[in-house]
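>>> coords please:
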Amino acid sequence: MRLLVVCLLGVLRAQPLYDFASSSLVELTDETFDAHMVADGSALWVVEFYADWCGHCKQFAKGFEKAASNMQGLVKFGAVNADTAKATMQTMGVQGFPTVKIFLPEVARNPYTGKKYKHALEYKGPRTARGVVEFASGAIPSRVIQVVPDGVEAFASNGSLPKVLLFTTKPETTTLLKALALAFSGRLLIGETRADASSAAAADFGVVKYPSLYVLKPDGTRLMYDGELKPQALRLFLDQHADTDTTSGSADAAAPDQFLKRITASTFGTEVEPSKQPWAIFFTEDGTKPDGAEAFAESVFGQVSVAVGDAELAAKFDVGQAPAIVVLPFGTGAKTPKQASKFAAGEEATAAAKKAALESLPDNLVDRLDHQSVDPWIGGALSSSTAKAMCLLFSDKPEVPPLFRSLSMEFEGMLGFAMMPSSMMERFNVKKTPAVLVMFADLPAGGEQKEMQLQGMQFVPSMHGKFSFGNLANFVMQFLEQRRAALGGSFETGDDSGSAKPRQPKEEAPKQQPKDVGPIPELSAANFEQECTKRGGLCAIALLDGSADNANKEGHLQMLTKLRQKKAGGPLAFAWVDATCHTAFAAHFELSEMDLPTMVVLSPSKLRWARAIGAFDAETLGTFGGGVATGRVGTNPMQALPPLDEGVDCATINRGIEAVEDDSLGDEIMAEILEEERREREAREAELAAASAAAGAASREAAGEPEGELSEIAKMEKELEECAAHDLLCMARREKQLKKIEKKRALEEKLKEIARKKKKKNKKKKSSA
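Numbering: from 1, shown residues only. Below you'll find the model as predicted:
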């Protein structure tokens, strides 16, 4: 009977956890994850990464489906099966189950791969429907325009899109309205006003009850909605009156080609000639994109710029017969017809063009090492690079691969780069070539290198993706983020580009030190006008957690003060604000405590703003601010300047993310969830206790183990060595231990199978006798 229980449990583990045909969940696979979820900028997504055999996933499944069902029409819920979507699990870095991530609606592009991605928040709350609903509701960004009572007419005349205006008495924007504003972004402008019944706006619209929702058509007519304030009903109604151009709100509407650029004879001088990167320019008879050009551009993204040229540019480079490819080599002075190489159409010619472009990349930033030169080089690389680290390639190729050359140029000065033969792999615990390692060491006092212990990480294709520039650059950047934290939050760079150049120092006249501008000012209601609006340019405002519990606060302020000093005299006025104290200021930019630290750049005169994406360090923030100032980084409109509350004492104020407003819809969801959770929890605890006891007893009986005594495998597992993330030698020892355990487990399974067969044979003999 006990063996039967074990077998039944095994069968149950093999059953699919979700029936997607009848569920509110969307099944996401390797093929649909990017197309369905990443490309969707119209909704917040909540995605669970699970496995059918995972016990915790089974316990969480009903709660997750309940949350999806109750938030249908507000938030989209998806699920990824770890056993069938291995590539997605690897890309998202999921290592345990269940893992729930909240994907914000904004779609961005990876600067190294060019592919779309979304910023994700990892959910670490209770594994209940209530916990997920509360977290997801609070994470929905608000694109609802706040309309003051005397600003209704201005709102109605703002642009050509149809408008939706909600008259409400609620002090906070509801989850439902935020979700609708997100879903119809680019098709409708949705606003809300708290104009009371005695206001001129309410009288003009004939408002007799609250809430009341109106559609304002471009021709000036108004239409009142008289249905239920429920997600599905409102979506159907608003869809009938929204703008039909569904691409106007897309982040990519103006860039249909993901990796290709368009170059004309007039833009060649500003886009191509000043560029160092190699270029491959495709030409066709009619100037359209040729077949294979997009795939070509994707394969060399980050290493070679790829474009489609017009007829006038083809004449400049004397392109005889199209289709053809013109390759311009690396270097700012190499973009002339004299240096150009021309290739005809066809697979072989395209491959030759790609090779010519990549091989023009310089390899002078990569040192070739042998057994005699490696130790002195390591000492120099670790002391001179800003990250105090190095990146090593193990390969027997006669030349440095273009991929590694590109990597060395991307992170020049931050790391030392070297290439080593396979004969040196054993010293660094490398098993096969090609292999890429990033390593560091805390240098002993006095510069002594003999006893230093190297630590680091190896690029593993099964974990980090195939060998490509984008994947390797992401891997190195993640390592550098860890080094930044270890070295105090930022790197000291040697020049304005953010990279020191210790290998080829230039003899320059000493630069005059700029006047000390003092520490970065903290914004308040009293000084906002002086520090920002009256400056006449752009305000670069860092949003920090200013609480006393934030250990990183002083490090961030020091970094920002140095950045302000470095950029003094430029178009940016730097300041910071305590965003956990002035929560309305952060909310104005659709930011919460979970987004900190971050920076926004705003134009007080034009009422436009942009938010920094990426690492919170001087290099990234300086590049971002310069991009906004020069127009390379796009900005968003805002209705008014962000508010700063007067008379707020940030030293005593209560901090933390405020509870999500419980509107009528939320009350219904929560009441139903709480009651169902109580019933399910009681039943589940009783069922699991009984099943666990039966399964444990049956397992011990089948293995022939006395109770209370560890098996040999259990003892081996208990002795497994725990390794730090960068300890390569420890990880190698642990791998050997795991192999021994697997070998022992396989042997015991085989012995058990022999014992079962023998027992069955003896039983058969007894029955026949």
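>>> Quick check: phi and psi at the residue sitting nearest the centre point of the chain.
The structure's the chain has its C-alpha centroid closest to residue 119; by C-alpha atoms, centre = their mean the separation is 3.8 Å. Geometry field for residue 119 lists phi and psi as phi -70, psi 140, criterion degrees, to the nearest 10.
>>> Could you do the one 4 residues further on as well?
Reported as degrees, to the nearest 10, the phi and psi values for residue 123 are phi -80, psi 120.
>>> Bridge partners for it, pull those for me.
residue 100 (DSSP bridges).
>>> my guess is it contacts residue 98, does it?
No - in this structure, residue 123 sits apart from residue 98 without contact. The criterion is C-beta atoms under 8 Å, and the distance is 9.6 Å. C-beta here means a position set from N, CA and C on the backbone, and glycine is covered the same way.
>>> Need the pLDDT of the residue nearest to residue 543 when sequence neighbours are not counted.
Using C-beta to C-beta, 6 or more residues apart in numbering and skipping residues adjacent in sequence, the residue nearest residue 543 is residue 579, 4.0 Å away. For residue 579, the model assigns a pLDDT of 89.
>>> Tell me how many other residues surround residue 579.
Residue 579 is surrounded by 25 other residues when neighbours are defined as other C-beta atoms under 10 Å.
>>> which residues touch it?
For residue 579, the contacting residues are 543, 544, 545, 546, 585, 586, 591, 593, 596, by C-beta atoms under 8 Å, 6 or more residues apart in numbering.
>>> go on, residue 161?
In this structure, residue 161 makes contact with 187, 188, 189, 218, 243, judged by C-beta under 8 Å, 6+ apart.
>>> where's stretch 477-491 relative to the chain centroid, distance-wise?
Centroid separation for stretch 477-491 versus its chain: 17 Å, with C-alpha atoms, centre = their mean, to the nearest Å.
>>> residues making contact with it?
Stretch 477-491 has contacts (C-beta under 8 Å, 6+ apart) with 112, 386-389, 411, 414-415, 438, 440, 456-457, 498, 552, 555-556, 558-559, 562, 615, 617-619.
>>> next one: stretch 293-305
Counting by C-beta under 8 Å, 6+ apart, the neighbours of stretch 293-305 from elsewhere in the structure are 111-114, 257-261, 272, 275, 277-280, 282, 306, 308, 350, 354, 357-358, 361, 402-403, 406, 410, 469-470, 473.
>>> Mind giving me the ChimeraX select for those residues, buried ones only?
Buried members of those can be picked out in ChimeraX with the line below, counting by 16 or more other C-beta atoms under 10 Å:
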select :112,113,259,260,261,272,275,277,278,279,280,282,306,308,350,354,357,358,361,402,403,406,410,469,470,473
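>>> quick one: which of the contacts of stretch 293-305 sit in strands?
Secondary structure assignment by DSSP state E places 261, 279, 280, 282, 306, 308 of the contacts of stretch 293-305 in strands.
>>> burial count for the closest residue to the second one other than its chain neighbours?
Distances taken as C-beta to C-beta, 6+ apart place residue 328 nearest to residue 279, at 4.3 Å, with adjacent residues excluded. Counted with other C-beta under 10 Å, residues neighbouring residue 328 total 26.
>>> May I have the residues that are in contact with residue 328?
With C-beta under 8 Å, 6+ apart as the criterion, the residues that contact residue 328 are 272, 278, 279, 280, 281, 334, 335, 339, 340.
>>> picking up where we left off before, okay, the ones in strands among the contacts of stretch 293-305 in JSON lines with distance to residue 422 and pLDDT next?
Output for the ones in strands among the contacts of stretch 293-305, formatted as JSON lines (distance: C-beta to C-beta, whole Å; pLDDT from 0 to 100):
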{"residue": "261", "distance to residue 422": "39", "pLDDT": "89"}
{"residue": "279", "distance to residue 422": "35", "pLDDT": "95"}
{"residue": "280", "distance to residue 422": "33", "pLDDT": "94"}
{"residue": "282", "distance to residue 422": "38", "pLDDT": "94"}
{"residue": "306", "distance to residue 422": "34", "pLDDT": "94"}
{"residue": "308", "distance to residue 422": "42", "pLDDT": "93"}
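>>> Would you mind putting those into CSV with distance to residue 61 alongside?
Rendered in CSV, the data for these read as follows (distance: C-beta to C-beta, whole Å):
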residue, distance to residue 61
261, 46
279, 52
280, 50
282, 50
306, 46
308, 49
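>>> Can you pick out the most distant pair from those residues?
279 and 308 (11.6 Å; C-beta to C-beta).
>>> what's the helix or strand where residue 753 lies packed up against?
Secondary structure here is read from DSSP states H and E; on that basis residue 753 sits in helix 728-768. With contacts taken as 3 or more C-beta pairs under 8 Å, 6 or more residues apart in numbering; DSSP states H and E, helix 728-768 sits against strand 455-458, helix 664-703, helix 712-718.
>>> one step back: the residue nearest to residue 543 and residue 599, how far apart?
11 Å (C-beta to C-beta, to the nearest Å).
>>> got any residues that touch both of the two?
With contacts defined as C-beta under 8 Å, 6+ apart, the residues shared by residue 579 and residue 599 are residue 543.
>>> I'd say residue 194 and residue 172 touch.
No - between residue 194 and residue 172 there is no contact, the gap being 10.5 Å when judged by C-beta under 8 Å.
>>> mind listing what residue 550 touches?
When the contact criterion is C-beta under 8 Å, 6+ apart, the partners of residue 550 are residue 544.
>>> so when I look at it, I'm seeing a strand, right?
No - membership of residue 550 in a strand is not supported by DSSP: H, G, I helix; E, B strand; the rest coil, which gives coil.
>>> Do you know the pLDDT at it?
We note a pLDDT of 84 for residue 550 in this prediction.
>>> for residue 251, same thing?
Per-residue pLDDT puts residue 251 at 38.
>>> per-residue confidence at residue 641?
In this model, residue 641 carries a pLDDT of 89.
>>> out of everything not next to it in sequence, what's closest to residue 155?
The shortest distance from residue 155 to any residue other than its chain neighbours is 4.7 Å, reached at residue 147 (C-beta to C-beta, 6+ apart).
>>> neighbours around the one you found, how many?
24.
>>> so who does it touch?
Under the criterion of C-beta under 8 Å, 6+ apart, the contact partners of residue 147 comprise 155, 165, 191, 192, 193.
>>> want to throw those residues into CSV with neighbour count, pLDDT and distance to residue 20?
Compiled in CSV, the contacts of residue 147 are given as follows (neighbours: other C-beta atoms under 10 Å; pLDDT from 0 to 100; distance: C-beta to C-beta, whole Å):
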residue, neighbour count, pLDDT, distance to residue 20
155, 20, 91, 41
165, 24, 96, 38
191, 23, 95, 37
192, 22, 96, 36
193, 23, 96, 41
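>>> Which of the residues you listed fall in helices?
When DSSP state H is applied, those are split such that residue 155 fall in helices.
>>> tell me which of the contacts of residue 147 is nearest to residue 605?
Each of those was checked against residue 605 using C-beta to C-beta; the closest is residue 155, at 21.0 Å.
>>> That closest one: what's it in contact with?
Residues near residue 155 by C-beta under 8 Å, 6+ apart: 145, 147, 163, 165, 189, 191.
>>> Residue 337 and residue 305, how far apart?
Distance of residue 337 to residue 305, given as C-beta to C-beta: 18 Å.
>>> Who has more neighbours out of the two?
Here residue 337 and residue 305 are set side by side on neighbour count (other C-beta under 10 Å), and the busier one is residue 305, at 23 against 12.
>>> May I have stretch 422-430 exported as PDB, CA atoms only?
Provided in PDB are the C-alpha atoms of stretch 422-430 (Å, rounded to 0.1, in the frame of the first residue of the first chain):
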ATOM      1  CA  SER A 422      45.200  26.300 -24.300                       C
ATOM      2  CA  SER A 423      48.400  25.100 -22.600                       C
ATOM      3  CA  MET A 424      47.700  27.600 -19.800                       C
ATOM      4  CA  MET A 425      44.100  26.500 -19.200                       C
ATOM      5  CA  GLU A 426      44.900  24.200 -16.200                       C
ATOM      6  CA  ARG A 427      46.300  27.000 -14.200                       C
ATOM      7  CA  PHE A 428      43.000  28.900 -14.400                       C
ATOM      8  CA  ASN A 429      40.800  25.700 -14.000                       C
ATOM      9  CA  VAL A 430      39.500  26.000 -17.600                       C
END
